[in-house]
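Chemist: Pasting a predicted model and its sequence here:
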Amino acid sequence: MEGTAMTDAEHTRPTERLWTPWRMSYIGGETKEDGCIFCNRLQKSRDIESLILHRHEHSFVIMNLYPYNTGHIMLVPNQHASDPAQLAPAALSEMGALLPTLTNSLRRALGCQGFNVGLNIGAIAGAGVEAHLHQHIVPRWQGDANFMPILASTMTIPELIPVTYAKLRAEIARELTGSNVVRFVLLDSGSERVLLHNGKVPEAVANPDQQAIQAIVSSLPPHLNDFTLTGWAGLDSAAMVAPDDIVLSLTATFPDSVPVPWQLVETSDDSIDPAAREIIQRAIAQRAPAR
Ligand SMILES: [Zn+2]
C-alpha cells in the first residue's frame, strides 16, 4: 500500500510519512484504552462524542482524532474482523457503495482535490488497530505535503474537532438524503439570544455544489458579524439521517435589531415553540467545553 499511495506531491518526501502516523492513531500511550477502540465507540450511544459521522447497516464512519490531514475519516465494518475475507459480502459491498458518498461529502465540505483511500491489513502493513479493519479516507490538496505537519498538529486542538465534525456530518447527511436544506441555530457569544425566522429555527437552501455553511452565511440578514461555526445541532445518533435533521450551530455578534421576519429572541423565552426550543437547547449543550 505504501508504494501505491504515492502521488506527485509526495515525491519530495519519505514514503512512510503518508502511512506511519496511522500506526500511532488512537493507540499512542496517552490514548490507550481497554478493548477495541472501534467496537467501544460503536457500542456507545453518544455519537458526537465518539466522532461517529454516520452509522449504516454493516459499517460506520468515524473521524480520526489524530488525523494525518484535515478531514481524515475512516470507514469501518461493524464486525470486529482483521481480514476482508472474514466480512460478509453485504458488508464489503456496502463499504464500496458508501465510498463515493464520503468522497463527495469531503470534497464539498473541505474543497479537497484528491484522496488517499486504503486499508492497512495486519501490523506489518502499518495497521494501528490491526484486529479491526478500517479503511482510511484522507483528503488531499495540491501542495499539502508542505504544510501538512502544521495542519496535523492544528487539528488535534480539541475546539476545532467539533467544527470539522459538524461540516462533515452535514455534508454526509446531504449526500445520503439528497436534501439541500440546512437549518441552523445562530447564537450570540453568551448563548443568551438566538436568531429566529418567523419564530422558527431558520433554514438555508444550498446549491448542490455549495457547502452548507456557505449557504447559511449568504442567507443571513445584514449586520451580523464574527460568524463562527461551533458544531452539530442535529440529533446525536448518527443512525438517524433525515432531511430535517441537518442542523448546524453557529455564533455571531448580533446587531441591535434585525429586519422582519427575522427576530432576535432570548434563549430563555418561554414563547419559543417546543420544537425550536429543543434544537436550540441541543446547540447550547454542544457549546460546552470539549471533553
Ligand atoms: Zn473491534
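Modeler: Thanks, I have it.

Chemist: and Ile52, what does it touch?
Modeler: Ile52 makes contact with Arg41, Leu42, Phe60, Val61, Ile62, Ala238, according to Cβ atoms under 8 Å, 6 or more residues apart in numbering. Where C-beta positions appear, they are placed from N, C-alpha and C, glycine not excepted.

Chemist: how close does it get to the ion?
Modeler: Taking Cβ to the ion, to the nearest Å as the measure, Ile52 falls 14 Å from the ion.

Chemist: in the stretch 151-291 of the chain, what residue is nearest the ion?
Modeler: Per Cβ to the ion, Ala238 is where the stretch 151-291 of the chain lies closest to the ion, at 17.4 Å.

Chemist: ok, now which ones touch that residue?
Modeler: Ala238 is in contact with Asp47, Ile52, Leu53, His54, Arg55, Phe60, Val61, Arg169, counting by Cβ under 8 Å, 6+ apart.

Chemist: Which residues of this structure lie near the ion?
Modeler: By Cβ under 5 Å from the ion, the part of the chain that sits against the ion consists of Cys36, Phe38, Cys39, His80, His132.

Chemist: Look at Trp22 and report its pLDDT.
Modeler: As predicted, Trp22 sits at a pLDDT of 36.

Chemist: same thing with Val129?
Modeler: Reading off the confidence values, Val129 has pLDDT 83.

Chemist: Assign it to helix, strand or coil.
Modeler: coil (DSSP: H, G, I helix; E, B strand; the rest coil).

Chemist: thinking again about what came up before, could I have the buried ones of the residues of the chain next to the ion as ChimeraX selection syntax?
Modeler: The following ChimeraX line selects those of the residues of the chain next to the ion that are buried, judged by 16 or more other Cβ atoms under 10 Å:
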select :38,39,132
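
Chemist: Of the residues of the chain next to the ion, which belong to helices?
Modeler: Among those, the members falling in helices are Phe38, Cys39 (criterion: DSSP state H).

Chemist: re earlier: can you tell me the closest non-neighbouring residue to the residue of the stretch 151-291 of the chain closest to the ion?
Modeler: Spatial nearest neighbour of Ala238, chain neighbours left out: Asp47 (4.2 Å); criterion: Cβ to Cβ, 6 or more residues apart in numbering.

Chemist: before we move on, what about Cys39?
Modeler: Residue nearest to Cys39 in three dimensions, not counting chain neighbours: His80, with 5.4 Å by Cβ to Cβ, 6+ apart.

Chemist: For this protein, which helix or strand comes out least confident on mean pLDDT?
Modeler: Least confident element among the helices and strands of the chain, by mean pLDDT, DSSP states H and E: helix 21-24 (a mean of 36).

Chemist: ok, back up a step: and the residue nearest to Ala238, what does it touch?
Modeler: For Asp47, the contact set (Cβ under 8 Å, 6+ apart) comprises Arg55, Asp236, Ser237, Ala238, Ala239.

Chemist: Of these - the most surrounded one?
Modeler: Neighbour counts for those (other Cβ atoms under 10 Å) peak at Ala238, which has 23 neighbours.

Chemist: re earlier: which of the three states applies to the residue of the stretch 151-291 of the chain closest to the ion?
Modeler: At Ala238, secondary structure determined by three-state DSSP is coil.

Chemist: now do Cys112
Modeler: What three-state DSSP gives for Cys112 is coil.

Chemist: Does the closest residue in space to it that isn't next to it in sequence belong to a helix, a strand or coil?
Modeler: Leaving out its chain neighbours, the residue that sits closest to Cys112 by Cβ to Cβ, 6+ apart is Pro139, at 3.5 Å. Under three-state DSSP, Pro139 falls in the strand class.

Chemist: I'd like the distance from Pro139 to the ion, if you could.
Modeler: Distance, Pro139 to the ion, using Cβ to the ion: 25 Å.

Chemist: Could you do Trp141 as well?
Modeler: Distance, Trp141 to the ion, using Cβ to the ion: 31 Å.

Chemist: is it true that that residue touches Cys112?
Modeler: Yes - look at Trp141 against Cys112 with Cβ atoms under 8 Å: they come within range, at 5.6 Å.

Chemist: Could you confirm Glu94 falls within a helix?
Modeler: Yes - the assignment for Glu94 is a helix, going by three-state DSSP.
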